[in-house]
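A.B. asks: starting from these lines, generate the structure:
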Amino acid sequence: MIKADLVTKIAKEMDVSKQEAEAGVNLFFETIKEAILRGEEIELRGFGSFRFRHRGERSGRNPRTGTPVHVPSKKVLYFKPSKILKKLINDDNPS
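C.D. replies: Numbers count the residues shown, from 1 in each chain. Just a heads-up that it's a prediction; the model follows:
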């Protein structure tokens, strides 16, 4: 599913115009982005959570040449699905 599909589904389900649905989807994503940039953890009950993890600096190798390279530390954004979502994904007989 792409963003346009999401907008179409919301417009149809909520009986609103696609422009209104797109404005709502854009506002939702913008709010999530702003919270992430502030370093906040985002928890959407029944869906999952987004968290930052710190990945320390390390030494790696250039895959082409095999020479050692320094990989600096960085923040990585992780998504952890909720127990409900995990169960739905792994259920053999979804309801």
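A.B. asks: what is the longest helix belonging to the chain packed up against?
C.D. replies: The helix that spans the most residues within the chain, counting by DSSP state H, is helix 18-37. Helices and strands touching helix 18-37, by 3 or more CB pairs under 8 Å, 6 or more residues apart in numbering; DSSP states H and E, are helix 3-14, strand 42-44. C-beta coordinates here come from the backbone N, C-alpha and C atoms, glycine included.
A.B. asks: dump these into JSON lines; add mean neighbour count, mean pLDDT and distance to Ser59 as well.
C.D. replies: Formatted as JSON lines, the helices and strands packed on helix 18-37 follow (neighbours: other CB atoms under 10 Å; pLDDT from 0 to 100; distance: least, CB to CB, whole Å):
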{"stretch": "helix 3-14", "mean neighbour count": "13", "mean pLDDT": "96", "distance to Ser59": "39"}
{"stretch": "strand 42-44", "mean neighbour count": "13", "mean pLDDT": "94", "distance to Ser59": "32"}
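A.B. asks: output these as a markdown table; include the columns distance to His54.
C.D. replies: Below are the helices and strands packed on helix 18-37 laid out as a markdown table (distance: least, CB to CB, whole Å):
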| stretch | distance to His54 |
| --- | --- |
| helix 3-14 | 30 |
| strand 42-44 | 17 |
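A.B. asks: nearest to Val25, of these?
C.D. replies: Val25 lies closest to helix 3-14 among the helices and strands packed on helix 18-37, at 5.4 Å (CB to CB).
A.B. asks: Ile32: how many residues sit nearby?
C.D. replies: For Ile32, the count of nearby residues is 14 (other CB atoms under 10 Å).
A.B. asks: thought it was touching Glu41?
C.D. replies: No: Ile32 is beyond contact range of Glu41, at 11.5 Å (criterion: CB atoms under 8 Å).
A.B. asks: shared neighbours of these two, which are they?
C.D. replies: Common contacts of Ile32 and Glu41 (CB atoms under 8 Å, 6 or more residues apart in numbering): Phe50.
A.B. asks: measure Pro63 to Lys87 for me?
C.D. replies: Here the criterion is CB to CB, to the nearest Å. By it, Pro63 lies 38 Å from Lys87.
A.B. asks: ok, those two, which is more surrounded?
C.D. replies: Lys87 (11 against 7).
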